[in-house]
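# Starting from these lines, generate the structure:
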Amino acid sequence: MIDVSFLAPPKRWPVRLLGAFRRRMRASELWLITLSVAVGGAGGLLAVAQGRIAHGLQSLLYRIGEADHLSAVGHIPIGRLAWLPFGGLVLGLFTWLVARRRSTGLVDVVEANALHGGVLGLADSAIVCVQTIISNGFGASVGLEAAYAQAGGAAASFAGQRLRLRRHDMRILVGAGAGAALGAAFGAPLTGAFYAFEIVIGSYTPSAIAPVAAACLTAVLTARGAGGLPYSIEIKTQHAPDAIGYALYSGLGLISALVGVTIMRLVAAAERIVRRVAIPALIRPALGGMLLGGVAMVSPQVLSAGHGALHLDLAVGMPIAILAIVLLLKITASIISLGFGFRGGLFFASLFLGSLLGQIYAGLLDLTPLTEKLAPENAALVGMAALAVSIVGGPLTMSFLVLEATGDFGVAAAALSAALIASTVVRERFGYSFSTWRLHLRGETIRSARDIGWVKSLTAGKMMRPDPQTVAAATRVEAFRQRFPLGSATRVLLLDEDARYAGVLVTADAFQESTDPQAEVASLAIHKDLTLAPDMDVEAVMRTFEDEGADELAVVDAERRVLGLLAEAYVVRRYAGELERRQLEIYGEAKD
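Predicted coordinates for the structure are as follows:
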């Protein structure tokens, strides 16, 4: 038969082309790299657009120049500081209108990759970006990095969903999009790439390297071509540190870890206190804006993310006391901003705070009898990396940011050393980055962007045997023996007079010579108060089996009505098989 499919109506050609592209994407890594290049270009343009909108809003409201930064302004008239509560009111109204139309929370890129296989809605992302732009544009002490990553990740997720990518490929693409947008904002492709690996994807895999690198390089080049001004960190390094210098910078890493954990806990405490006071959500940001305005009257350096203030403090050479005051004021401003509902992240704010902490550390060492001194510029760079890692995570991300900003491998190595110490201390003593800590407070169990969505979807309700043998708990042992002879069932679930779960009976126990035939089987029941809920994920189920030493447990609903029976041996086999399949998929050995 002659193939005449090419004569199909033109309106079907896009569908055919899309189908062909999907097949290519699944069959060849080169096509995924090609798609990543397109996603990187989109991420670069989105980063430039958002940065211009936010900075344009600041320029309009606070009368600053196109190349100036709000945090570097020497003085802001009180009248202009009124834009802070007004911006809070605008944000509160926007958030209130969104909440009226939504019953679920917003999903960010880390949560999307960890729980949802990279599926990120455009509506969620648009809301997050608008909230962040309003917050930063009106001067709140938050950065735009969350909006950059959200927009880049959303563009990637949209493309991946349209092409029906596999879960693993989708996660890589979303990480590439988020990292590309962040890399474009800083003009630093390596920083963006490792942000994707460490923060958004949660691991380094051979299959992810080329797509992520291609996206980040494309994004940086696209942003430059579009006239975007990256967040350059122009700090001239001094002499490379020696062995003693590395030891001293290790101490800075430890201090940064403690400060970072303190900041995260204070933000959470502020949010909790604001909720307990029962301030209406509509006006919370406005009240926060009023408090923030009071802090800004002392020092405008607390406003926005702190790009201008970072360079200003280093250029002027502030005394230790002034640096300490600015540090405390900036921490306070960030806590107020986030605690009262402004949207944004602490990525660049943590870099600014780290630079202040590093300069203070170097200045205090100068007051000691130690012969080894630290250059304030080097200490600022190392402090930036260490504190940013403590709050945001990603030791290689922050170390490459220092390297790309300075080109100095010696200082970058010192930054990596301090960052690794900070990361280890935070991981061991706290266990969360800022984004995962806030998800933890919402009840999620995410500690990184590693894919645990399949773990949470593999629940007791999906694994249980739905038709277990049951018998009334008041049944006599003699009657039970007749109904369930040896070999018919290893375990039988007991039900009380209201048909609710009353325990598990091991069949062999009813056939022991010492068992009274006239006794009720309820007297032989085990695990009377130990059950599984149908929504418990596989890790929680295995943990329950291990802690209680049980072999089989009943799955019951909220009213203790029996839904099924689940055996530990089956759970372990199911988990191992699923884990192996995921690992094969990661390394490209799984088949559709």
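# Now residue 571: which helix or strand?
Per DSSP states H and E, residue 571 falls inside helix 568-586.
# Please tell me I have it right and residue 223 contacts residue 47.
Yes: counting by CB atoms under 8 Å, residue 223 does reach residue 47; the two are 6.1 Å apart. Any C-beta I mention is one placed from the backbone N, CA and C, and that applies to glycine too.
# where do the contact lists of the two overlap?
184, 185 (CB atoms under 8 Å, 6 or more residues apart in numbering).
# who has more neighbours, the two?
Applying other CB atoms under 10 Å to residue 223 and residue 47 shows that residue 47 carries more neighbours, namely 32 against 28.
# Tell me who's in contact with that one.
Listed by CB under 8 Å, 6+ apart, the contact set of residue 47 reads 148, 151, 152, 181, 182, 184, 185, 219, 223, 228.
# per-residue confidence for the fifth one?
I take that to be residue 182. At residue 182, the model reports a pLDDT of 94.
# again, but for the second one
On pLDDT, residue 151 comes in at 94.
# count of neighbours near it?
Residues lying near residue 151 (other CB under 10 Å) number 28.
# just checking, what packs against whichever strand or helix holds it?
Under the criterion of DSSP H and E, residue 151 resides in helix 145-162. Applying 3 or more CB pairs under 8 Å, 6 or more residues apart in numbering; DSSP states H and E, one finds that helix 145-162 makes contact with helix 29-62, helix 109-115, helix 122-137, helix 167-186, helix 347-366.
# Find the centremost residue of the protein, please.
Nearest to the mean C-alpha position of the chain, counting by CA atoms, centre = their mean, stands residue 110 at 3.5 Å.
# So that residue is in contact with residue 199, correct?
Yes: taking CB under 8 Å as the definition, residue 110 is a contact partner of residue 199 at 6.7 Å.
# sorry, back to before: in the helix holding residue 151, what's buried?
145-161 (16 or more other CB atoms under 10 Å).
# Counting neighbours, which bits of stretch 52-67 end up buried?
52, 53, 54, 55, 57, 58, 59, 61, 62, 64.
# Kindly export stretch 191-210 (C-alpha atoms) in CSV.
Taking Å, rounded to 0.1, in the frame of the first residue of the first chain, the C-alpha atoms of stretch 191-210 are listed here in CSV:
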residue,chain,number,x,y,z
THR,A,191,27.8,29.0,39.2
GLY,A,192,24.5,28.4,37.4
ALA,A,193,25.5,24.9,36.5
PHE,A,194,26.4,23.9,40.0
TYR,A,195,23.3,25.6,41.4
ALA,A,196,21.4,23.3,39.1
PHE,A,197,23.3,20.2,40.3
GLU,A,198,23.4,20.9,44.0
ILE,A,199,20.3,22.9,44.7
VAL,A,200,17.7,21.9,42.1
ILE,A,201,18.6,18.4,40.9
GLY,A,202,20.2,17.3,44.1
SER,A,203,23.0,15.1,42.5
TYR,A,204,25.6,15.0,39.8
THR,A,205,25.0,12.4,37.1
PRO,A,206,26.8,11.9,33.8
SER,A,207,23.6,12.3,31.8
ALA,A,208,22.9,15.8,33.4
ILE,A,209,26.3,17.4,32.8
ALA,A,210,26.0,18.3,29.1
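# and that stretch, which residues are buried?
Under 16+ other CB under 10 Å, the buried positions of stretch 191-210 are 191-202, 207-208, 210.
# Tell me the secondary structure at the residue of the chain most remote from its centre.
Relative to the centre of the chain, the most outlying C-alpha is that of residue 518, 59.8 Å out, by CA atoms, centre = their mean. For residue 518, the assignment made with DSSP: H, G, I helix; E, B strand; the rest coil gives coil.
# Which residue is the nearest non-sequential neighbour of it?
In space, and not counting its chain neighbours, residue 518 is closest to residue 476: 5.9 Å by CB to CB, 6 or more residues apart in numbering.
# Can you name the residues that contact the one you found?
517, 518, 519, 520, 521.
# next one: residue 359
So residue 359 contacts 313, 314, 318, 320, 323, 376, 379, 380, 383 (CB under 8 Å, 6+ apart).
# try 7 Å this time
323, 376, 379, 380 (CB atoms under 7 Å, 6 or more residues apart in numbering).
# Could you pull up phi and psi at residue 418?
The phi and psi values for residue 418, taken as degrees, to the nearest 10, are phi -70, psi -40.
# That one contacts residue 251, doesn't it?
No: counting by CB atoms under 7 Å, residue 418 does not reach residue 251; the two are 8.5 Å apart.
# Those two: who's more crowded?
residue 418 (35 against 13).
# Quick one: residues contacting that one.
Residue 418 makes contact with 249, 250, 252, 253, 256, 382, 385, 386 under the criterion CB under 7 Å, 6+ apart.
# Can you select the buried ones from those in ChimeraX?
Here is the ChimeraX command that selects only those of the contacts of residue 418 that count as buried (16+ other CB under 10 Å):
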select :249,250,252,253,256,382,385,386
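# For the stretch 151-300 of the chain, just list every one of the helices.
167-186, 189-195, 206-225, 243-276, 284-298 (DSSP state H, counting those that start in this stretch).
# quick one, which of those is packed in tightest?
helix 167-186 (a mean of 32; mean count of other CB atoms under 10 Å).
# Can you give the distance of that one from its chain's centre?
When distances are taken as CA atoms, centre = their mean, to the nearest Å, helix 167-186 is centred 13 Å away from the chain's centroid.
# which SS class is residue 555?
Look at residue 555: counting by three-state DSSP, its state is strand.
# Pretty sure residue 342 sits in a strand.
No: assignment of residue 342 by three-state DSSP gives coil, placing it outside any strand.
# got any ranges where this structure has weak pLDDT?
Scanning the chain with the threshold set as pLDDT under 70 gives 1-28, 103-105, 371, 433-456, 578-592.
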